[in-house]
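Novice: Below are the sequence and a predicted model for it; my questions follow.
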Amino acid sequence: MIAILSALLPTFALIILGYVLRQRRFLPDTFWPGAEKLTYFVTFPALLFSNTAKADLGSLPLLGIAGAMLGTIAICTLLILAIKPVLKVSPAAFSSLVQGAIRPNTYIGLAVAAALLGTHGLTVTALCVALVVPTVNVISVLACAHWGDNDRTPGVLSLLRDVGKNPLLMACVLGSLVNVIGIGLPPVIGPFLEVLGRAALPIGLLAVGAGLDLTAARQAGIPVGISTIGKLAISPAIAAGLCIALGLPTTDMAAVVLYAALPCSASAYVLARLMGGDAPMMASIITVHTLVAIASMPIIAILVHAV
């Protein structure tokens, strides 16, 4: 237990530090959008590409991981739809709750996997990214288009184009392609991407902390509380059940369950704002999820380790 807590502490300490730096105006406010852009388009893709290009993909139970991860998203989506009449929120707010139920913060996920599960766990998490990113993007856009306060009806080609342009997804796909072809990374390119990828986790986690909105968190109501329980407790429980049913090895199961236990991504706020979702509620969901995850993820890591 102490080893798990010690491994996770730097991850969440960086998030807290990011919040403190933003509040103290240690860096100008204009720094953080640039840091997020650098992380999203450069350093995290470098980390994912490098890791998947070198990984031993043949040793992974790919179908089992896909079944557990996508099954978890499907069940969580159906659950939030099932309780819609009970929630008694506006359609725009419900679109934000759908996003809160399924969107994971990949930055935290990769940092946790690297800290607890090593290279193998990081590879499984990269595979989860490749599976989850396009799936939740499509579901989230459809939810915002249907329930959001807008007149947009996204076409199939538009959805596919937006998903295809996601740099995290493309990094995983291209890295896997290089891996399967067997060409490997050239002597200069490989070390360059590794060094670049090392910058992803600290910058990404600082940016997560800088984006926290405690004012929005104080306005959280019962729907946000339900969202938090669903994303941080019910989702990993579903993932654990599916992993056990599919017979996944311990490390693979841990990676999938921890990925399912991640708080909601900040990208959900951007989509809510652009497509007529409840942006203030979305900000509240993201902040409350992240703060509660500081306590919930170590507990889940300990439970998974004990299985």
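Specialist: It's in.

Novice: Let me know how buried residue 218 is, in neighbour terms.
Specialist: Number of residues near residue 218 (other Cβ atoms under 10 Å) recorded here: 10. C-beta here means a position set from N, CA and C on the backbone, and glycine is covered the same way.

Novice: Using the three-state scheme, assign residue 212.
Specialist: coil (DSSP: H, G, I helix; E, B strand; the rest coil).

Novice: Thought residue 291 was touching it, still the case?
Specialist: Yes - with contact defined as Cβ atoms under 8 Å, residue 212 reaches residue 291; the gap is 7.3 Å.

Novice: so where's the longest helix in this protein?
Specialist: In the chain, taking DSSP state H as the definition, the longest helix is helix 106-147.

Novice: How far does that helix sit from its chain's centre?
Specialist: Helix 106-147 sits 4 Å away from the centroid of its parent chain (Cα atoms, centre = their mean, to the nearest Å).

Novice: and if you look at stretch 15-31?
Specialist: When distances are taken as Cα atoms, centre = their mean, stretch 15-31 is centred 22 Å away from the chain's centroid.

Novice: repeat for stretch 251-260
Specialist: Distance of stretch 251-260 from the chain centroid (Cα atoms, centre = their mean) equals 12 Å.

Novice: okay, the host helix or strand of residue 242 in CSV with CA atoms only?
Specialist: Counting by DSSP states H and E, the element that carries residue 242 is helix 235-246. C-alpha atoms of helix 235-246 as CSV (Å, rounded to 0.1, in the frame of the first residue of the first chain):
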residue,chain,number,x,y,z
SER,A,235,-17.1,2.6,-14.1
PRO,A,236,-14.0,0.9,-12.6
ALA,A,237,-16.2,-1.7,-10.9
ILE,A,238,-17.8,-2.5,-14.3
ALA,A,239,-14.4,-2.7,-15.9
ALA,A,240,-13.1,-5.0,-13.2
GLY,A,241,-16.0,-7.3,-13.6
LEU,A,242,-15.5,-7.5,-17.4
CYS,A,243,-11.7,-8.0,-17.0
ILE,A,244,-12.3,-10.9,-14.6
ALA,A,245,-15.0,-12.4,-16.9
LEU,A,246,-12.6,-12.1,-19.9
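
Novice: Now it: average pLDDT?
Specialist: Averaging pLDDT along helix 235-246 gives 97.

Novice: got it, and stretch 182-192?
Specialist: 84.

Novice: Tell me the gap between that stretch and the middle of its chain.
Specialist: Worked out by Cα atoms, centre = their mean, stretch 182-192 lies 27 Å from the chain centre.

Novice: okay, that stretch in PDB with CA atoms only?
Specialist: C-alpha atoms of stretch 182-192 as PDB (Å, rounded to 0.1, in the frame of the first residue of the first chain):
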ATOM      1  CA  GLY A 182       8.700  -4.100 -38.000                       C
ATOM      2  CA  ILE A 183      10.800  -1.200 -39.300                       C
ATOM      3  CA  GLY A 184      11.600   0.100 -35.800                       C
ATOM      4  CA  LEU A 185      12.600   3.600 -34.900                       C
ATOM      5  CA  PRO A 186      15.800   5.100 -36.400                       C
ATOM      6  CA  PRO A 187      18.700   5.700 -34.100                       C
ATOM      7  CA  VAL A 188      18.200   9.400 -33.900                       C
ATOM      8  CA  ILE A 189      14.400   9.600 -34.100                       C
ATOM      9  CA  GLY A 190      13.900   7.000 -31.300                       C
ATOM     10  CA  PRO A 191      15.900   8.800 -28.600                       C
ATOM     11  CA  PHE A 192      14.500  12.200 -29.700                       C
END
